[in-house]
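Visitor: What would the 3D arrangement of this be:
(one chain, ligands or ions: 1)
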Amino acid sequence: MGLERPLLNLDIRPARTTDAAAILRLHRGVLQERRYFITEPEEFRQSVDDKIRAVRELDRSPNSIFLVARTTSELVGFLTVRGGHLNRMRHTGKLEVMVAESARGKGVGGALLQAAFTWAEAHPDIEKIGLSVFADNTRAVELYRSFGFREEGRRTREYRLEDGRYVDDLLMYRFIGS
Ligand SMILES: CC(C)(COP(=O)(O)OP(=O)(O)OC[C@H]1O[C@@H](n2cnc3c(N)ncnc32)[C@H](O)[C@@H]1OP(=O)(O)O)[C@@H](O)C(=O)NCCC(=O)NCCS
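Guide: As a prediction, the model looks like this:
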């Protein structure tokens, strides 16, 4: 991690239902950038109750986790790993991560990924973490690579953006404990 970066005093911990409103605000803010996710902001219908349900659901699920990153004053990032529900997929988890625009490039995403791997290594049920990312999302792809994720596929022109541009969907994975 670059030494020139301002240090953030971060607390990484499992999400609580009381984080739901801040998680929703952050999620909506990232979608409003219109750059990184499939859902357009106008299509985003989640409520605080939906986030509360998600926090509870992932908390109850043994192969899932919902982590938040907080500074002393605010929630600046969150990460989810959603474990497969079906028997044949219980060893896999799908990862998503979002950091508030104002807090990017300061190690928050890396700290969340590190905490997710620490959790996964203590949960032998999870053997593989996968994700999908817009192929042009250089910061995210580089961060994932630096954590040992490898490319396992590319869905060409999977998304068509409002300006008519197509984006490939990059599939990446990492085995736990390797
Ligand atoms: C992707 C994201 C989660 C990364 O979080 P972050 O807090 O900005 O990341 P960090 O500061 O921990 O790490 C940034 C890493 O990305 C890479 N990086 C940063 N800026 C980069 C750039 N302009 N080009 C290439 N790589 C870059 C570096 O590898 C850096 O690692 P380093 O710490 O070893 O230098 C965050 O930027 C984000 O939320 N973006 C919008 C939502 C998103 O894209 N989510 C993922 C979708 S799959």
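Visitor: For the residue of the chain found nearest the ligand, which residues are in contact?
Guide: Closest to the ligand within the chain is residue 109: 2.2 Å, counting by CB to the nearest ligand atom. Where C-beta positions appear, they are placed from N, C-alpha and C, glycine not excepted. By CB atoms under 8 Å, 6 or more residues apart in numbering, the contact list for residue 109 reads 77, 97, 99, 140, 143.
Visitor: how close does it get to residue 13?
Guide: 16 Å (CB to CB, to the nearest Å).
Visitor: what about residue 77, neighbour count?
Guide: 26 (other CB atoms under 10 Å).
Visitor: Kindly confirm my reading that it is in a strand.
Guide: Yes: membership of residue 77 in a strand is supported by DSSP: H, G, I helix; E, B strand; the rest coil.
Visitor: what sits opposite it in the beta ladder?
Guide: residue 69, residue 99 (DSSP bridges).
Visitor: Please identify the helix or strand for residue 145.
Guide: In this structure, residue 145 sits in helix 138-146 according to DSSP states H and E.
Visitor: same thing with residue 153?
Guide: Taking DSSP H and E as the criterion, residue 153 maps to strand 150-160.
Visitor: helices or strands next to that strand in the packing?
Guide: strand 166-175 (3 or more CB pairs under 8 Å, 6 or more residues apart in numbering; DSSP states H and E).
Visitor: angle of the strand it packs on against helix 138-146?
Guide: Counting by axes from the mean of the first three to the mean of the last three CA atoms, to 10 degrees, strand 166-175 lies at 20 degrees to helix 138-146.
Visitor: what does strand 166-175 contact?
Guide: So strand 166-175 is contacted by 127-136, 141, 144, 147-161 (CB under 8 Å, 6+ apart).
Visitor: of those residues, buried ones?
Guide: With burial judged by 16 or more other CB atoms under 10 Å, the buried subset of those is 127-135, 141, 144, 147, 149, 158.
Visitor: Cross-check these against the ligand and keep the overlap.
Guide: The subset of the buried ones among the contacts of strand 166-175 within reach of the ligand, by CB under 6 Å from any ligand atom, is 131, 133.
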